[in-house]
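Colleague: turn this into a structure:
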Amino acid sequence: MATSAGEDYAIILKGAGVNFELPPPDWREAGNRLRQIITAYQNTKISPGKPDKIAFKDAGSEADPARVKLVRRTSMATAALSCAASIITQLTEPGVVEAEAAAEHSADPIDEARRIVGTSYGDAARALMSSDGSYKDALAGNGSIAAPVLLAQQGLLAFIEAFIERLVTEERAGECTGEIEALSLAILTSSLAGAVKVEGGSKSVDFALIVKLLGSTKPSNNRATKSSKSGAGHWGTTTGPKATSDIETAMMHLGTILLAIRVKALGEDGGTREDYGMHDLARDALGELTVVKATELFEDLFQRADRGARHQRSRANVLETGWASLIEVDMREKLEALGREEHSEEAGARAGKQAAAEALAAGNKHKAPVITAEGDAKADMAKKAGGAPAVPPGTLDKVRAACVASLQAKI
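Modeller: Presented below is the predicted three-dimensional model:
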C-alpha cells in the first residue's frame, strides 16, 4: 500500500508543478503543502468552459486527478486489513467523485476525515479510512475511488506516525522505522493483536511493542541518548521495576491516539473520558493484578477490537462495538474476573504451602529414631544424667559382631 500511495503521489506532484525548497517543519505545514499540491494538480485538469468542474476521464487514468486506484488484495493472508468491495462501492460513483473534487478540503487530517464522514457517503468512507487503503473482491470503476478519501486515510496514518515519532524523538525513531509504521497501521485499523503488512513485509504487533514505543521515556536532550545513560531515556518495557509506569504511560498514549482517530476523525462514540479511560484501566489493572494478568487483560481488549473492526470492514450494516464500550464495560468486567481468578490462585498457593509445611512437620514428629554408635553413647550419658533409660553400653558393638560371625558361618 505504501508503494502504491507513493507512486500516486509522485504522479500528482509531477502534474501539479509545485516544488518546495525545504522539508516541512511540522505535520500541519506538511498537510498544507499536500493540499496545495492537490489543488494545483486539479487546476491543471479543469475543463474549458467549466471552471467549477473537474474533467472526468477514464477511471484510474493519470488524466483524472479526482480518482485514485486502490490496491486489490487477492489473498486471505494479506486482506485482513482490507475493505470488502461491497462496503466501499459508493465511493466509485461519479456523483461522489465529483462532490469530493468540488469540496473545500482541510489541511488538518483530523478535520478532513471528519468532513468526509459527515457526507452521505460517510459510512463507506469511514470503512476505507479505517483500513489499510486496499480492497478485496471486485470493485466497480476499475477499482478507482474519489481520491480525497484515500488521501484522508493516508493523512490519518501520517498523523499517528508523527505522534509516535514525537514520543520516541526523531533520533531514536530512525532505529525503529518499520515498527513505527506497523504500529501506526495497527492503531488506524484497530488491529493490535497480530501481524500487519507494511513496506518490506509483515511485522508483528504485540503488547510488548506497543509498550516499547508508546511507553518510552524520551531523552532529556537529544545528545543524552548517545553520550551517557543519565537523561538518555529508555524504551518502554513490560518487565522489571519500570514495567508498571511504562504500561500505564503506553495505554494513556494509545487511548489519546485512538480517541483522535476514532472519535474526532471518524465520528465514533467516545464515552466520557479523554483517553477512552485507558490510563485509568491500566492503573487499576496493575494495582490489582500482576503484570502477566494485566497483559492478558489488554490482549483480550485488542482481540475484541480487532474482531469488531474486521467485521465492519467486511460486512454491510454491521455496527462495530466501539472502543469506549469495550473499555468501560467489557474490560471492567474482565478486570473483576481476572482479579477473582488471581485471588483464587493466590489462596490456592498459600493453602498448598501450608499443607506442605504441616505434612513436613507431621513427618518429623513421627520419624523413627536412627541408632548409631554416637547415639548409643549419648543415650548412655542421658541415663547417667537421670534421663530416660538408654541402651546398655556396648550393645551395638555386640550386635554387629554377632551379625558378622553369622555371615562368615554361611559363607
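
Colleague: hey, let's count contacts and neighbours off CA atoms from now on
Modeller: Fine.

Colleague: the residue nearest to residue 268 when sequence neighbours are not counted: neighbour count?
Modeller: Taking C-alpha to C-alpha, 6 or more residues apart in numbering as the measure, residue 268 lies nearest to residue 262, with 5.4 Å between them; neighbours along the chain are not counted. Neighbours of residue 262 under the rule other C-alpha atoms under 10 Å: 24.

Colleague: also residue 287?
Modeller: Based on other C-alpha under 10 Å, the number of other residues close to residue 287 is 12.

Colleague: repeat that for residue 280.
Modeller: By the criterion of other C-alpha under 10 Å, residue 280 has 15 neighbours.

Colleague: now do residue 141
Modeller: Neighbours of residue 141 under the rule other C-alpha under 10 Å: 17.

Colleague: do residue 149 as well
Modeller: For residue 149, using other C-alpha under 10 Å, the count is 26.

Colleague: over to residue 76?
Modeller: In terms of burial, residue 76 registers 10 neighbours under the definition other C-alpha under 10 Å.

Colleague: kindly report the same for residue 124.
Modeller: By the measure other C-alpha under 10 Å, the count of residues near residue 124 is 23.

Colleague: ok, it to residue 147 distance?
Modeller: When distance is defined by C-alpha to C-alpha, to the nearest Å, residue 124 is 14 Å away from residue 147.

Colleague: also residue 246?
Modeller: According to C-alpha to C-alpha, residue 246 stands 40 Å off from residue 147.

Colleague: ok, now residue 238?
Modeller: Residue 238 sits at a distance of 41 Å from residue 147 (criterion: C-alpha to C-alpha).

Colleague: cool, and residue 263?
Modeller: Distance of residue 263 to residue 147, given as C-alpha to C-alpha: 23 Å.

Colleague: and residue 95, by the same measure?
Modeller: As for residue 95, its distance to residue 147 is 13 Å (criterion: C-alpha to C-alpha).

Colleague: among these two, which residue is more densely surrounded?
Modeller: Neighbours were tallied for residue 95 and for residue 147 using other C-alpha under 10 Å; the higher tally belongs to residue 147 (23 against 12).

Colleague: residue 129: how many residues sit nearby?
Modeller: Other residues within reach of residue 129 by the criterion other C-alpha under 10 Å amount to 29.

Colleague: residues contacting the nearest residue to it once chain neighbours are set aside?
Modeller: Nearest-residue entry for residue 129: residue 153, 4.4 Å, with adjacent residues in sequence omitted and distances by C-alpha to C-alpha, 6+ apart. Listed by C-alpha atoms under 8 Å, 6 or more residues apart in numbering, the contact set of residue 153 reads 113, 128, 129, 130, 131, 133.

Colleague: and of those residues, the nearest to residue 279?
Modeller: For the contacts of residue 153, the residue nearest residue 279 by C-alpha to C-alpha is residue 130; the value is 23.4 Å.

Colleague: got phi/psi on that closest one?
Modeller: Geometry field for residue 130 lists phi and psi as phi -100, psi 20, criterion degrees, to the nearest 10.

Colleague: excluding chain neighbours, what is closest to it?
Modeller: Spatially, and ignoring its direct neighbours in sequence, residue 130 is nearest to residue 189 (5.0 Å; C-alpha to C-alpha, 6+ apart).

Colleague: can you map out the helices along the stretch 201-350 of the chain?
Modeller: Secondary structure of the stretch 201-350 of the chain by DSSP state H, counting those that start in this stretch: the helices cover 207-214, 224-227, 243-258, 278-288, 291-314, 323-325, 331-365.

Colleague: out of those helices, nearest to residue 73?
Modeller: Evaluated with C-alpha to C-alpha, the helices of the stretch 201-350 of the chain place helix 291-314 nearest to residue 73, the distance being 13.0 Å.

Colleague: can you show me the CA trace of that closest one as PDB?
Modeller: What follows is helix 291-314 as a C-alpha-only set of coordinates in PDB (Å, rounded to 0.1, in the frame of the first residue of the first chain):
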ATOM      1  CA  VAL A 291       1.900  -7.600  35.000                       C
ATOM      2  CA  VAL A 292       1.200 -11.000  33.400                       C
ATOM      3  CA  LYS A 293      -2.500 -10.800  34.300                       C
ATOM      4  CA  ALA A 294      -2.700  -7.100  33.200                       C
ATOM      5  CA  THR A 295      -1.100  -8.100  29.900                       C
ATOM      6  CA  GLU A 296      -3.800 -10.700  29.500                       C
ATOM      7  CA  LEU A 297      -6.500  -8.100  30.100                       C
ATOM      8  CA  PHE A 298      -5.200  -5.800  27.300                       C
ATOM      9  CA  GLU A 299      -4.500  -8.600  24.900                       C
ATOM     10  CA  ASP A 300      -8.200  -9.600  25.300                       C
ATOM     11  CA  LEU A 301      -9.200  -6.000  24.700                       C
ATOM     12  CA  PHE A 302      -7.200  -5.800  21.500                       C
ATOM     13  CA  GLN A 303      -8.500  -9.100  20.200                       C
ATOM     14  CA  ARG A 304     -12.100  -8.000  20.700                       C
ATOM     15  CA  ALA A 305     -11.500  -4.600  19.000                       C
ATOM     16  CA  ASP A 306      -9.800  -6.400  16.100                       C
ATOM     17  CA  ARG A 307     -12.700  -8.800  15.500                       C
ATOM     18  CA  GLY A 308     -15.200  -5.900  15.500                       C
ATOM     19  CA  ALA A 309     -13.100  -3.800  13.100                       C
ATOM     20  CA  ARG A 310     -12.700  -6.700  10.700                       C
ATOM     21  CA  HIS A 311     -16.500  -7.300  10.700                       C
ATOM     22  CA  GLN A 312     -17.200  -3.700  10.000                       C
ATOM     23  CA  ARG A 313     -14.800  -3.700   7.000                       C
ATOM     24  CA  SER A 314     -16.200  -6.900   5.600                       C
END
